[in-house]
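Peer 1: Build me a model from this:
(one chain, ligands or ions: 1)
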Amino acid sequence: MSMKIAVLPGDGIGPEITAQAVKVLKALASDGLRLEMEEAPIGGAGFDAAGDPLPEATLALARSADAVLLGAVGGPSYDALPRPMRPEQGLLRIRKELNLFANLRPAQMYPELVGASTLREDVVSGLDLMIVRELTGDIYFGKPRGIHVNEAGEREGFNTMRYSESEVRRVAHIAFRIARKRQRKLCSVEKFNVLETSELWREVMIEVAKEYPDVALSHMYVDNAAMQLVRNPKQFDVIVTGNMFGDILSDEASMLTGSIGMLGSASLDENSKGMYEPIHGSAPDIAGKDIANPLATILSAAMMLRYTFSEDAAAERIESAVRKVIAAGVRTADIHTDGSLRVGCNAMGDAVVAAL
Ligand code: NAD
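Peer 2: Got it, this is the predicted structure:
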């Protein structure tokens, strides 16, 4: 059976960087991987093509595919549109429509890029961690919410932190399964000492852990986790946490590596169907110049092979090709240093294909 991938390039550098990832996937396909790819517009490109940042045909393609590869959306020419028509709405809607509740954000340090981190080399060299963030629940969606005038007559804002057992359980299963593919260490992050929501979160984690006796589960308060991520990030293998804590910790973790053009991400549903995209945006300042770094998107494609298609060997081939290219001193402008070979976006894609 062939694997069906919806390719949604989006705006800005999106088309340039997804073209490189597609090139890499096609090279693997010519070696026997059965892939079927089809492209559709999203974001500003969707608005231009069909007057909607998530055109119906794009959503239908994404629904029928096994996985979605996305570039990035947004750009200054769309900023004046009414909110529902803005590119970012296309992204929020597709995540919701596909019920992508688990967001995976790896942070991995390449030895040659260790100087790009603001932290000391001994703290970050060899870093390889994964944050699994719950994406569709928590205080960002909980009701009641609002701003009202309270009994004392002053305005008061309120939000509600909520997690149901089933929401915690399904993200727990994803995190345990990921830990199994890695070092089998899972750290669940919450605020058990203060929040009832966290009390339930921890209880459910402990229950689910019984199904994964080969994975070591630990628990950490979120304030301590924020500290430990900069003190000793290498103690972590996989972190699982709620939406708000994960929002903050995943940004913190990605900055440990110092280079936004190198980090991919995945958002998964219950059946490991996923949308894969770089963590950076559409970089309108460098769009169309063939200087963007495509590695975050290429590494997102590797995540797709691993987490949706369970093609671990093919994923490893891409990741090791990227490591080889970096080790050989091939660099796009954003990660260029003295003595390395500066190449454009397209040439970087070619270099990865050659190193496969
Ligand atoms: P950005 O991530 O697009 O760019 C930030 C800086 O990093 C820029 O200087 C850019 O040139 C650089 N950069 C980003 N990706 C790069 C790459 N692959 N190679 C080299 N350099 C790279 O963030 P921004 O400037 O805040 O936002 C620009 C647009 O992107 C906005 O419209 C924003 O809404 C959108 N955005 C989209 C997503 C998404 O699609 N998931 C995420 C964030 C921002």
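Peer 1: And the strands in the stretch 201-350 of the chain, which stretches?
Peer 2: Assigned strands in the stretch 201-350 of the chain, in chain order: 216-221, 238-241, 264-268, 274-278, 330-331, 341-342 (criterion: DSSP state E, counting those that start in this stretch).
Peer 1: which secondary structure elements does the third one contact?
Peer 2: Packing partners of strand 264-268 (3 or more C-beta pairs under 8 Å, 6 or more residues apart in numbering; DSSP states H and E): strand 102-108, strand 274-278, helix 295-307. Where you see a C-beta, it was placed from the backbone N, CA and C, and this is true even at glycine.
Peer 1: Give me the distance between the closest residue to the ligand within the stretch 101-250 of the chain and residue 113.
Peer 2: Going by C-beta to the nearest ligand atom, the ligand is nearest to residue 103 of the stretch 101-250 of the chain, at 11.4 Å. Distance of residue 103 to residue 113, computed by C-beta to C-beta, to the nearest Å: 24 Å.
Peer 1: and those two? which has more neighbours close in?
Peer 2: residue 103 (24 against 18; other C-beta atoms under 10 Å).
Peer 1: pretty sure residue 298 contacts residue 353?
Peer 2: No - contact criterion C-beta atoms under 8 Å: residue 298 and residue 353 do not qualify, at 9.6 Å.
Peer 1: what touches both of the two?
Peer 2: Contact with both residue 298 and residue 353 is made by residues residue 24, according to C-beta atoms under 8 Å, 6 or more residues apart in numbering.
Peer 1: who has more neighbours, these two?
Peer 2: A count of neighbours by other C-beta under 10 Å puts residue 298 above the other of residue 298 and residue 353, at 29 against 18.
Peer 1: so which helix or strand takes in the closest residue in space to that one that isn't next to it in sequence?
Peer 2: Setting aside the residues directly before and after it, residue 298 is nearest to residue 21 in space (C-beta to C-beta, 6 or more residues apart in numbering), at 4.9 Å. Using DSSP states H and E, residue 21 sits within helix 14-29.
Peer 1: tell me what the helix or strand that that helix is followed by is packed against?
Peer 2: Heading C-terminal from helix 14-29, the first helix or strand you meet, by DSSP H and E, is strand 35-39. With contacts defined as 3+ C-beta pairs under 8 Å, 6+ apart, the packing partners of strand 35-39 are strand 3-10, helix 14-29.
Peer 1: Dump these into a markdown table; add mean pLDDT as well.
Peer 2: What follows is these, written out as a markdown table (pLDDT from 0 to 100):
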| stretch | mean pLDDT |
| --- | --- |
| strand 3-10 | 97 |
| helix 14-29 | 97 |
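Peer 1: so which of the ones you listed gets nearest residue 245?
Peer 2: Of all those, it is strand 3-10 that lies closest to residue 245, at 28.1 Å by C-beta to C-beta.
Peer 1: Okay, buried residues for that closest one please.
Peer 2: Across strand 3-10, burial judged by 16 or more other C-beta atoms under 10 Å covers 3, 5-10.
Peer 1: quick one: the helix holding residue 21 to strand 274-278, angle?
Peer 2: Counting by axes from the mean of the first three to the mean of the last three C-alpha atoms, to 10 degrees, helix 14-29 points 120 degrees away from the direction of strand 274-278.
Peer 1: distance between helix 14-29 and the chain's centre?
Peer 2: Using C-alpha atoms, centre = their mean, to the nearest Å, the mean C-alpha position of helix 14-29 is found 18 Å from that of the whole chain.
Peer 1: Report the inter-axis angle for that helix versus strand 35-39.
Peer 2: 160 degrees.
Peer 1: now for helix 14-29, which elements pack on it?
Peer 2: Where contact means 3+ C-beta pairs under 8 Å, 6+ apart, helix 14-29 is packed against strand 3-10, strand 35-39, strand 67-72, helix 295-307, helix 312-327, helix 345-355.
Peer 1: can you redo those as CSV with distance to residue 206?
Peer 2: Listed next are those as CSV, based on distance: least, C-beta to C-beta, whole Å:
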stretch, distance to residue 206
strand 3-10, 35
strand 35-39, 40
strand 67-72, 32
helix 295-307, 25
helix 312-327, 29
helix 345-355, 42
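Peer 1: beta partners for the residue of the stretch 101-250 of the chain closest to the ligand?
Peer 2: Here residue 103 sits in beta bridges with residue 133, residue 267, as judged by DSSP bridges.
Peer 1: Wait, it touches residue 137, no?
Peer 2: No - counting by C-beta under 8 Å, residue 103 sits too far from residue 137 to count as a contact (11.8 Å).
Peer 1: List the residues that contact residue 36.
Peer 2: 2-5.
Peer 1: Please apply the same query to residue 247.
Peer 2: With contact taken as C-beta under 8 Å, 6+ apart, residue 247 is in contact with residue 133.
Peer 1: What sits closest to the residue of the stretch 201-350 of the chain found nearest the ligand if chain neighbours are left out?
Peer 2: Taking C-beta to the nearest ligand atom, the ligand has its nearest neighbour within the stretch 201-350 of the chain at residue 281, 2.4 Å off. Spatially, and ignoring its direct neighbours in sequence, residue 281 is nearest to residue 72 (5.1 Å; C-beta to C-beta, 6+ apart).
Peer 1: how close does that neighbour get to the ligand?
Peer 2: As judged by C-beta to the nearest ligand atom, to the nearest Å, residue 72 and the ligand stand 4 Å apart.
Peer 1: ok, which of the contacts of residue 36 also contact the ligand?
Peer 2: The overlap between those and the neighbours of the ligand (C-beta under 6 Å from any ligand atom) is empty.
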